[in-house]
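Asker: No sequence on hand, only this structure:
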Ligand SMILES: C[S@@+](CC[C@H](N)C(=O)[O-])C[C@H]1O[C@@H](n2cnc3c(N)ncnc32)[C@H](O)[C@@H]1O
């Protein structure tokens, strides 16, 4: 089992550019497999009318924006967040359309197609850039993850591939889930996705530990933390994508509602 990599390791060694390499369409990476799965579910979740409101907070955004593309159709204000300075800087780079920012065009095209908005890629990117109002420092281990900033509770929380990366054991995971849910209104939605049975993943030359998650645990912990699961989708790993960059067995996508 890989040695636990915590916040200091992320701050010092998580290279946003190397990580973004996983999200290049057409290169057979695990990120691509995950993207296909997650984007379809985000699209369904945010365009079917069931999940809506004014504000959405993304926990542990990393340097990525794919998870927010469909949400920007529904929410007026999105707050992105991450633990590391370099990830937040990389996000800002994309938001300001600076030279060297990651090119999300293939992913935006895919989402536009899913949403029936082919040809409207430029509008979509503009809309997302306008909707993301802040990129904040976040630590899921703090009772207020945005400390010292106090945010009004949001209508929706998204988090993808973050909690299993940030937590060293299942108790810590439960506590982190409780911490982030304090940012959500009662009755608000949590859109949680990530990797199943994953113990490590590689970013450039660095190996990061990952907390091994199973479906039964996720169901239990969400219920104990005050959520009602509305959807639980699993994608088993395709043998064609098996390589030594990560050992996950599948991906999950959960839509849950915080009890009122
Ligand atoms: C695997 S990346 C996921 C990034 C992005 N959400 C995605 O879907 O690709 C894990 C992210 O968790 C963040 N992270 C690690 N520890 C954290 C903590 N204690 N609080 C908040 N975020 C943390 C890392 O900085 C990193 O961006």
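Answerer: That came in fine, so what should we check first? Worth saying up front: this structure is predicted, and the values here are computed from it rather than measured.

Asker: List the residues that contact the closest residue to the ligand within the stretch 51-200 of the chain.
Answerer: Per Cβ to the nearest ligand atom, residue 62 is where the stretch 51-200 of the chain lies closest to the ligand, at 2.5 Å. From N, CA and C alone the C-beta is placed, and that goes for glycine too. Residues near residue 62 by Cβ atoms under 8 Å, 6 or more residues apart in numbering: 16, 19, 82, 87, 161-162.

Asker: Wait, a helix at it?
Answerer: No. Read with DSSP: H, G, I helix; E, B strand; the rest coil, residue 62 is coil and lies in no helix.

Asker: ok, back up a step: among the contacts of residue 62, which ones are in helices?
Answerer: 16, 19, 87 (DSSP state H).

Asker: ok, back up a step: who wins for most neighbours among the contacts of residue 62?
Answerer: residue 82 (27 neighbours; other Cβ atoms under 10 Å).

Asker: Who does that residue form a beta bridge with?
Answerer: Going by DSSP bridges, residue 82 is paired in beta bridges with residue 137.

Asker: Against which helices or strands is the longest helix along the chain packed?
Answerer: If each helix of the chain is counted by residues according to DSSP H, the longest one is helix 30-47. Counting contacts by 3 or more Cβ pairs under 8 Å, 6 or more residues apart in numbering; DSSP states H and E, helix 30-47 packs against helix 105-114, strand 184-196, strand 227-236, strand 250-258.

Asker: who does the second one pair up with?
Answerer: As defined by DSSP bridges, the strand partners of strand 184-196 come to strand 154-160 (parallel), strand 250-258 (antiparallel).

Asker: need the next SSE after it, C-terminal direction.
Answerer: Going down the chain from strand 184-196, the next helix or strand is strand 200-203, by DSSP states H and E.

Asker: Now tell me what touches the following helix or strand past that next one from outside.
Answerer: Downstream of strand 200-203, the next assigned helix or strand under DSSP H and E is strand 206-209. Under the criterion Cβ under 8 Å, 6+ apart, residues 1-5, 9-10, 13-15, 165, 168, 199-202 lie in contact with strand 206-209.

Asker: Good, wrapping up.
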